[in-house]
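Student: what follows is a predicted protein model with its sequence.
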Amino acid sequence: MAAPMDDGDHNSDVNSDFYAILNSRKESSSEELKQAYRRLCMLYHPDKHTNAQDKQDAEVVFNKVQKAYTVLSDPEKRAIYDVYGEKGLEADWDLVPRTRTPQEIRDEYERLSREREERRLQQSTNPRGGITVGVDATDFFDVYDEYGDEFSGSPSLEVKSMTIQQSIDVPLTVNDTVTFSGHLATHNGNGTGNFTVSCRRILSHQSWGEFQASAGNGPSVAFKIFRNIGKRSFVTCTGLGHVTPRGLAPGLVTTAARQLDKHTMGYITWKWGLQSAMTTMIVRDTVKSHAVFSLQLGMPNSYASASYTRKFETDDTRLTVAVKAGMFGSHIEYGGERKVSRHSRIGARLSIGVPHGITLRVKFHRANQAFIFPIHLSQEVIPNAIFYGTIAPLAIFWVVKVCVIDPFLLKEKEKDIEQQKNANKETLEQRRSEAESEVRLMQEMVRRITETESSKQGLIIVQAWYGKLVSIQASTEDGANELDTNVIDVTIPLQCQVKDSKLLLTDVSKANLPGFYDPCLGEDKSLRVRYQFRQGLHECTVTDKEPLRIPKQSHRLETS
């Protein structure tokens, strides 16, 4: 059995990447790994050096290369490393050598993870909650001229409703969880509330059951069962019982769902009781979009609705448009939502329809807590309410983002980077020293490679920079004077990687390549290479984990 491993980051930013050390792809065959290892042995084997200091430095580097190859050349260790990283190798795995497949290794680790998760659940309550504050701002837009001057004055805002809800989970075991939740609401001076206790038990990997009891607006009980039907379908069934002044009101809700394709789910729900209805819904979710279509036929309300959300991964923004039409009215809604920090999101939607008029709904999410402010702008559909309901949130968000959010996030990022540097100061200094030793050991091989490439007008690395390339300009002829502490010169390490007039770098962080180190921990890094090939000057820039393949005709610089 594997020993439990600690949770946490473990300085992952400065951990070695075995694939980067060997400059190999994660899909590399055993033969490709062997070739990369032999190439580095020719460079770093201690017996290749006569100088005492060089021999000592070469031994340190060679041990690192040998460790990487030892792990990646062993199928079991490579499977563990690919899934769980270097920390996974430190566990005391109870495996029969060379008899476990990578999938069996994953299954073993998942079993251990579930045991560790059970211990963690004993201490977790997963609190969730939300506050909704209804604001009446119709004074700003609904003007009744027939009342004359007696009602003249400044418009006012009025809080007309408030809702508070909170819940906590109490895990008893991995299979059993008790949830306590409460709900309080007030509207125009009238208040209601209830308290609910539910207990969920996982019956198998395909089903679970839940019992729920509530008190407040009349006692009620419910029992819900979930069951997978094959790999692509499931059903849920909920039986309800609610005590009202007229007696017991029973109810039943049944939902069947099926995966229609890779990104699409279909649902059909039948409700029987006080509000009987039949509802069908189609949900399609992809990396770039989310779409929902719903149709309900029932008493007292029937409606059709559709919504589409566009996702933008670059800045984690979502734009949504929705429309709904039913027996009690219709409306159109549009808005957006954006992530403003690691745990926070902010968004706003404007709803325009009849008979409710125009409402602006502002939302703020912080971890598992939600703060929602529905602001009723007008009872009528009027242009000025639509205009200000659209423009005002955008303007306020832009001002807050520029004046508050961005400076705060920048300060937090700088603080986090400084903490990482202080926590890993010795490790970073050691890595920098190792990289300098590696560069020194490369000198003789680089000289031979350069002579060979020059004789056939091959690939010569003129200059290369790695780090936070802010001060380096593409047109700079000599970047040596431009370098600062966030940028390092990696000309020699890259020239050392040239073979047969080609340079190939894989899609791993270049900070772990021989002769490289991280000059700006926590910052976005890039690699810029200026090289000579067939008497032509070329230049290209790639991000830290972007693969690089040169020479390329598209990199050629135009000569004036």
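Tutor: Perfect, thanks for sending it.
Student: return stretch 46-58 as PDB; C-alpha atoms alone will do.
Tutor: Extracted C-alpha coordinates of stretch 46-58, given in PDB (Å, rounded to 0.1, in the frame of the first residue of the first chain):
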ATOM      1  CA  PRO A  46      32.200  13.000 -15.500                       C
ATOM      2  CA  ASP A  47      34.700  10.800 -17.400                       C
ATOM      3  CA  LYS A  48      34.500  13.200 -20.300                       C
ATOM      4  CA  HIS A  49      36.100  16.000 -18.300                       C
ATOM      5  CA  THR A  50      39.600  16.300 -16.800                       C
ATOM      6  CA  ASN A  51      39.400  19.500 -14.900                       C
ATOM      7  CA  ALA A  52      38.500  18.800 -11.200                       C
ATOM      8  CA  GLN A  53      35.900  21.500 -11.000                       C
ATOM      9  CA  ASP A  54      34.300  20.500 -14.300                       C
ATOM     10  CA  LYS A  55      34.300  16.900 -13.300                       C
ATOM     11  CA  GLN A  56      32.500  17.800 -10.000                       C
ATOM     12  CA  ASP A  57      29.900  20.000 -11.800                       C
ATOM     13  CA  ALA A  58      29.400  17.300 -14.500                       C
END
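Student: skipping adjacent residues, who's closest to residue 127 in space?
Tutor: Nearest non-adjacent residue to residue 127, counting by C-beta to C-beta, 6 or more residues apart in numbering: residue 168, 5.0 Å away. To be clear about C-beta, it is placed using only N, CA and C from the backbone, and glycine gets the same treatment.
Student: in which helix or strand does that neighbour reside?
Tutor: Per DSSP states H and E, residue 168 falls inside strand 158-171.
Student: that strand pairs with which strands, parallel or anti?
Tutor: Strand pairing for strand 158-171, determined by DSSP bridges: strand 128-136 (antiparallel), strand 176-187 (antiparallel).
Student: now find how far off-centre the shortest one is within its chain.
Tutor: Per C-alpha atoms, centre = their mean, to the nearest Å, the displacement of strand 128-136 from the mean C-alpha position of its chain is 27 Å.
Student: flag the shaky bits of this protein, pLDDT-wise.
Tutor: Scanning the chain for pLDDT under 70 picks out the ranges 1-15, 88, 90-125, 143-153, 470-484, 559-560.
Student: wait, is residue 335 part of a strand?
Tutor: Yes - using DSSP: H, G, I helix; E, B strand; the rest coil, the assignment for residue 335 is a strand.
Student: contacting residues for residue 468?
Tutor: 486-487, 519-520, 523-526 (C-beta atoms under 8 Å, 6 or more residues apart in numbering).
Student: find the nearest non-adjacent residue to it, please.
Tutor: Leaving aside its sequence neighbours, residue 468 sits nearest to residue 486 (C-beta to C-beta, 6+ apart; 4.0 Å).
Student: I'd say the one you found and residue 521 touch.
Tutor: No - using C-beta atoms under 8 Å, residue 486 makes no contact with residue 521, being 10.0 Å away.
Student: out of these two, which sits in the busier spot?
Tutor: Shown here are residue 486 and residue 521; by other C-beta atoms under 10 Å, residue 521 has more neighbours (21 against 16).
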